[in-house]
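Chemist: using only what follows, build the 3D model:
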Amino acid sequence: MLGRLYEGQECAAARTLEVVGERWSLLILRDALFRGYTHFSDFQKSLGIAANILARRLEVSVAAGIMKAVPTSSHPNHWEYVLTEKGQDFKPVVVALTAWGDKWLGLGPAEYVHETCGGIIGQHFHCAQCGADPPPAEVRAQRRQFSPRRP
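Modeler: So this is what the prediction gives:
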């Protein structure tokens, strides 16, 4: 795992960036989440990333519990990198980043669809208390009323 890169930052966003904020890490997660890649060679071919960098990023993902390394049945020295539940839970983050990019940088080639009905998946804020879907301008951060849990 990387050392603390955001000294003095106690928010969960900063802690998350310590694990997945490096650009290759995010693209590896994208490929695992939406392309189903599990093999080193698939990630390397897709991303054009140097083997040593890819190996390190996969090690960080495994150490963080985002992926687990599982020996392949055909080659005991080779590993598959399988997403854990923690890794799967990152899917909405990639969808949100893509939605922002589509809006502000131009449409990309991918859209996200609901497998059951084929509908396009959207990203929005939703209030758990009143049920409203407020615009971003109506969402603010505030300090929690209890002590945050540290992993």
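
Chemist: buried sites along whichever helix or strand N52 is part of?
Modeler: Element membership for N52 (DSSP states H and E) is helix 51-63. Buried residues in helix 51-63, defined by neighbour count with 16 or more other C-beta atoms under 10 Å: 54, 57-58, 60-62. All C-beta spots, glycine's among them, are computed from the backbone N, C-alpha and C.

Chemist: could you report the separation of the residue positioned nearest the centre of the chain from A14?
Modeler: For the chain, the residue nearest the mean C-alpha position is F90 (4.0 Å; C-alpha atoms, centre = their mean). Distance, F90 to A14, by C-beta to C-beta, to the nearest Å: 16 Å.

Chemist: repeat for V95
Modeler: 21 Å.

Chemist: the more surrounded of these two?
Modeler: Using other C-beta atoms under 10 Å, the more surrounded residue of V95 and A14 is V95, with 18 against 15.

Chemist: surely that one is in contact with H124?
Modeler: No: the criterion here is C-beta atoms under 8 Å, and V95 misses it with H124 at 10.8 Å.

Chemist: with just CA atoms, put stretch 30-40 into CSV.
Modeler: The C-alpha coordinates for stretch 30-40 follow below in CSV (Å, rounded to 0.1, in the frame of the first residue of the first chain):
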residue,chain,number,x,y,z
ARG,A,30,-12.3,0.2,-14.9
ASP,A,31,-11.1,-2.7,-17.0
ALA,A,32,-11.8,-5.2,-14.2
LEU,A,33,-15.2,-3.7,-13.5
PHE,A,34,-16.6,-3.2,-17.0
ARG,A,35,-14.5,-5.4,-19.3
GLY,A,36,-14.2,-8.3,-16.9
TYR,A,37,-10.4,-8.5,-17.1
THR,A,38,-8.6,-10.6,-14.6
HIS,A,39,-5.4,-11.6,-16.3
PHE,A,40,-2.2,-9.5,-16.2
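
Chemist: give me the buried positions along that stretch.
Modeler: Within stretch 30-40, judged by 16+ other C-beta under 10 Å, the buried ones are 30-33, 37-38, 40.
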